[in-house]
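Enquirer: heads up, no residue letters with this:
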């Protein structure tokens, strides 16, 4: 209690001061913003509230198609992996895990054709592998669809970039089989 009184009394000797409020001058409007507004007035480009250029109806449909492709591709691939995992656990879930010896992937699962053959033979693990292949194929299909869209619109710079991305994806998938 004594400390509190000393603390309170120490502030009693501080003189009171006055607060002076001065108005600030208005800032200049940013010249870049003014130039952008003037540009949009002179052209037919309109900006929405997020300052993005409004897209045409075809572009919006194309973006919706790509969005749906990715969304449903991932959902279908995940459902196939889940289904295969459940079937695998039903058949082999009771077996203890043996981590003393490392066993790599069987040769039948090292290529897409091998996965399809194992799937037709009734392998449980092939269902899981098929789901993983679908997951990998989803963005590749997206790139192929984008390539055709850019070709139809004749946007050559995007065609070249998309071809480079597609070449890189295909090389990463098949390069191990060709060069080994």
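Expert: Structure received. What you see is a predicted model, and the numbers here were worked out from it, not measured in a lab.
Enquirer: how about whichever helix in the chain runs longest: buried residues?
Expert: Counting residues, the longest helix found in the chain (DSSP state H) is helix 57-92. Residues of helix 57-92 classed as buried by neighbour count (16 or more other Cβ atoms under 10 Å): 62, 66, 73, 77, 80, 81, 84, 85, 88. Placement of C-beta: from N, CA and C, glycine included.
Enquirer: so who does the fifth one touch?
Expert: Residue 80 makes contact with 127, 128, 130, 131, 134 under the criterion Cβ atoms under 8 Å, 6 or more residues apart in numbering.
Enquirer: Return the subset of the residues you listed lying in helices.
Expert: Those of those lying in helices (DSSP H): 127, 128, 130, 131, 134.
Enquirer: Out of these, the closest to residue 165 would be?
Expert: Closest to residue 165 out of those is residue 134 (19.6 Å), distances taken as Cβ to Cβ.
Enquirer: Check the protein and tell me which residue is nearest its centre.
Expert: In the chain, the residue lying closest to the centroid (Cα atoms, centre = their mean) is residue 70, at 9.6 Å.
Enquirer: My read is that it contacts residue 139, right?
Expert: Yes. Here residue 70 lies in contact with residue 139, judged by Cβ atoms under 8 Å, at a distance of 7.3 Å.
Enquirer: Distance check, the residue lying closest to residue 127 once chain neighbours are set aside against residue 78.
Expert: Distances taken as Cβ to Cβ, 6 or more residues apart in numbering place residue 84 nearest to residue 127, at 3.0 Å, with adjacent residues excluded. Counting by Cβ to Cβ, to the nearest Å, the gap from residue 84 to residue 78 is 11 Å.
Enquirer: cool, and residue 174?
Expert: Residue 174 is 25 Å from residue 78, where distance means Cβ to Cβ.
Enquirer: next one: residue 157
Expert: 35 Å.
Enquirer: the helices in this structure, which residues?
Expert: Listed in chain order, the helices found in the chain under DSSP H are 2-10, 31-42, 57-92, 112-120, 124-153, 156-178.
Enquirer: Give the buried residues for the last one.
Expert: Buried positions in helix 156-178, judged by neighbour count with 16+ other Cβ under 10 Å: 159, 162.
Enquirer: related to what we said a few turns ago, would you mind listing the residues touching both of residue 84 and residue 78?
Expert: residue 131.
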